[in-house]
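Peer 1: Return a 3D structure for these sequence lines:
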Amino acid sequence: MAIYHFDASVISRSKGRSSTAASAYRAAERVVDRRTGEVHDYTRKHGVEHTEILAPEHAPDWARDRSALWNAVEQIERRKDAQVSREVRVALPSELSVEQNRDLVRGFVQAQFVARGMVADIALHAPGREGDQRNHHAHIMLTTREIGPEGFGAKNRDWNAKELLVDWRSSWAEHVNQTLERCSVHERVDHRTLEAQRAEALARASVAERNGDERVHVAEMARAVELDRPPLPDVGARGWSMMRRGVATPASDRWQEVREIGLQVREVAREFRTQARAWLERTMDRVQERTAALGLTRAPETALERLQAARASRGAVDAPQTALERLQAARAGRGVDRGVEIKRNVDRAGADLTAQDRERQRVLEQEKALERQRAAEREGPSHGR
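Peer 2: Numbering: from 1, shown residues only. Okay, here's the model as predicted:
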């Protein structure tokens, strides 16, 4: 499934890093740092699927050469704690080809970074030999200074605004979803927090339940289960480097633990969907059987009829649990204390169903009374014999 990830950080000399070393590693190339004389040779690195540099039209030609670009950056920065580059890391949909992901990243970078005056150095990486084989991702290194025909100018502090970062995050989700739709891929990503997405899923499930739409109700409850997990923690660039070398750290251990929790939650959600789908199919079969047995000419159509028919079917022997009851069992199995919340939802659902039954009974009694009245009128006044 498509996964959303967007992370932005700064490459700073105060942490012993340089833009020349970072660019050489991302692109799997050899770059000589003219300021320090260091040689950064990563030409034996594997897994780099595509690299390119995008620059504003007015930028000089050397800005599109990796070694020249980042050496110019290192030479213009004088401070020992200078921020030499900004780096953005994004997860790429594993459902897309390398070419499709390349076009996705290229379009996003051009619209959000290059159009603002930045030079962007892009590298698309394949998943590592070990670990999650869906981990296609891209590194985007960005310059922090304005650039003109003569070279770099002043730092642009507007690019550090928090509001701009928020806009980049949402824009990346939009670009990914537009590309997935264009490529006929059903999956979508969401830049919002897991908590916000789960709240929305529960709200939609509640609306669907009130409308008697069991399929949507089950789908949204399953989505809520899948989203009820902690977000993956940030381990930082150095942490990722150590993880790739097989060096364990507290941060990497925590990341692995949270990732495992996420995989378990997704498995629970998958089982929930499978069981709920089977229950819906059996329920509809029972509804059709009851319809035929009663000699009705049509199946239930309105929300009220569907809800009543589903409830009647649940009363049969060997009837499966409701979606909410399945969710409660799934949560209990995971050891998560959500009893109060689930009981409230179950009680609310039960009250709604009881109210629907009372309304149905009232209508039936009215129809019977009306039928008795009509029968009496047809027979006429009674006379003693």
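Peer 1: Next up, the contacts around residue 227.
Peer 2: Residues in contact with residue 227 (C-beta atoms under 8 Å, 6 or more residues apart in numbering) are 194, 197-198, 201. Placement of C-beta: from N, CA and C, glycine included.
Peer 1: Neighbour-wise, give me the winner out of those residues.
Peer 2: Compared across the contacts of residue 227, residue 201 has the highest neighbour count, 20 neighbours, by other C-beta atoms under 10 Å.
Peer 1: Give the buried residues for stretch 220-228.
Peer 2: 220-228 (16 or more other C-beta atoms under 10 Å).
Peer 1: and of the residues you listed, the nearest to residue 114?
Peer 2: For the buried residues of stretch 220-228, the closest approach to residue 114 (C-beta to C-beta) belongs to residue 227, at 34.1 Å.
Peer 1: what's the spacing between that closest one and residue 215?
Peer 2: 19 Å (C-beta to C-beta, to the nearest Å).
Peer 1: Alpha carbons of the longest strand seen in the chain, as CSV, please.
Peer 2: Counting residues, the longest strand in the chain under DSSP state E turns out to be strand 83-91. Provided in CSV are the C-alpha atoms of strand 83-91 (Å, rounded to 0.1, in the frame of the first residue of the first chain):
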residue,chain,number,x,y,z
GLN,A,83,23.6,25.6,7.3
VAL,A,84,24.8,24.5,3.9
SER,A,85,21.7,22.7,2.6
ARG,A,86,18.2,21.7,3.3
GLU,A,87,17.2,18.0,2.6
VAL,A,88,13.8,16.6,2.0
ARG,A,89,13.1,12.9,2.2
VAL,A,90,9.9,11.4,0.8
ALA,A,91,8.5,7.9,0.5
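Peer 1: starting at the chain centroid, how far to it?
Peer 2: Distance, stretch centre to chain centre, for strand 83-91: 22 Å (C-alpha atoms, centre = their mean, to the nearest Å).
Peer 1: Stretch 19-39 now?
Peer 2: 35 Å.
Peer 1: and that stretch, which residues are buried?
Peer 2: 19-29, 31, 33.
Peer 1: on that earlier part again, so which of the buried residues of stretch 220-228 is the closest to residue 168?
Peer 2: residue 227 (22.8 Å).
Peer 1: Does the residue lying closest to that closest one once chain neighbours are set aside lie in a helix or a strand, and which?
Peer 2: Spatial nearest neighbour of residue 227, excluding adjacent residues (C-beta to C-beta, 6 or more residues apart in numbering): residue 198 at 4.0 Å. If you go by DSSP states H and E, residue 198 is part of helix 194-210.
Peer 1: what element comes up after that helix heading to the C-terminus?
Peer 2: If you walk from helix 194-210 toward the C-terminus, the next helix or strand you reach (DSSP H and E) is helix 214-227.
Peer 1: quick one on the thing from earlier: and of the buried residues of stretch 220-228, the nearest to residue 144?
Peer 2: The nearest member of the buried residues of stretch 220-228 to residue 144, counting by C-beta to C-beta, is residue 227 at 35.6 Å.
Peer 1: Would you mind splitting this structure into its domains for me?
Peer 2: Domain assignment for the chain by automatic domain parsing gives 6-190, 192-359.
Peer 1: Comparing the ones you listed by mean pLDDT, which bottoms out?
Peer 2: Lowest mean pLDDT within the domains of the chain: domain 192-359, at a mean of 67.
Peer 1: ok, residue 26 - contacts?
Peer 2: Applying C-beta under 8 Å, 6+ apart to residue 26 gives the contacts 48, 51, 121, 123, 125, 139, 141.
Peer 1: Of these, which belong to helices?
Peer 2: Of those, none are assigned to helices by DSSP state H.
Peer 1: picking that back up, any idea which of the domains of the chain gets closest to residue 371?
Peer 2: Here domain 192-359 is closest among those (C-beta to C-beta), at 16.8 Å.
Peer 1: before we move on, the earlier item: now for the buried residues of stretch 19-39, which pair is the farthest apart?
Peer 2: Put simply, by C-beta to C-beta the two of the buried residues of stretch 19-39 set farthest apart are 28 and 33, 16.8 Å from each other.
Peer 1: what pLDDT does residue 374 get?
Peer 2: Per-residue confidence at residue 374 stands at 70 (pLDDT).
Peer 1: Number of residues surrounding it?
Peer 2: What residue 374 shows, counting by other C-beta under 10 Å, is a neighbour count of 10.
Peer 1: Enumerate every residue touching it.
Peer 2: So residue 374 contacts nothing (C-beta under 8 Å, 6+ apart).
Peer 1: how about the helices of the stretch 1-150 of the chain, start to end?
Peer 2: Applying DSSP state H, counting those that start in this stretch to the stretch 1-150 of the chain gives helices spanning 19-27, 66-76, 98-112.
Peer 1: tell me the most buried of those?
Peer 2: helix 19-27 (a mean of 24; mean count of other C-beta atoms under 10 Å).
Peer 1: any idea of the angle that helix forms with helix 66-76?
Peer 2: Going by axes from the mean of the first three to the mean of the last three C-alpha atoms, to 10 degrees, helix 19-27 is angled at 150 degrees with respect to helix 66-76.
Peer 1: got the angle between helix 19-27 and strand 83-91?
Peer 2: Going by the same axes, to 10 degrees, helix 19-27 makes 20 degrees with strand 83-91.
Peer 1: on that earlier part again, now the buried residues of stretch 19-39 in TSV, with distance to residue 149?
Peer 2: As requested, those are arranged in TSV below (distance: C-beta to C-beta, whole Å):
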residue	distance to residue 149
19	22
20	23
21	28
22	26
23	23
24	27
25	30
26	27
27	25
28	31
29	26
31	24
33	25
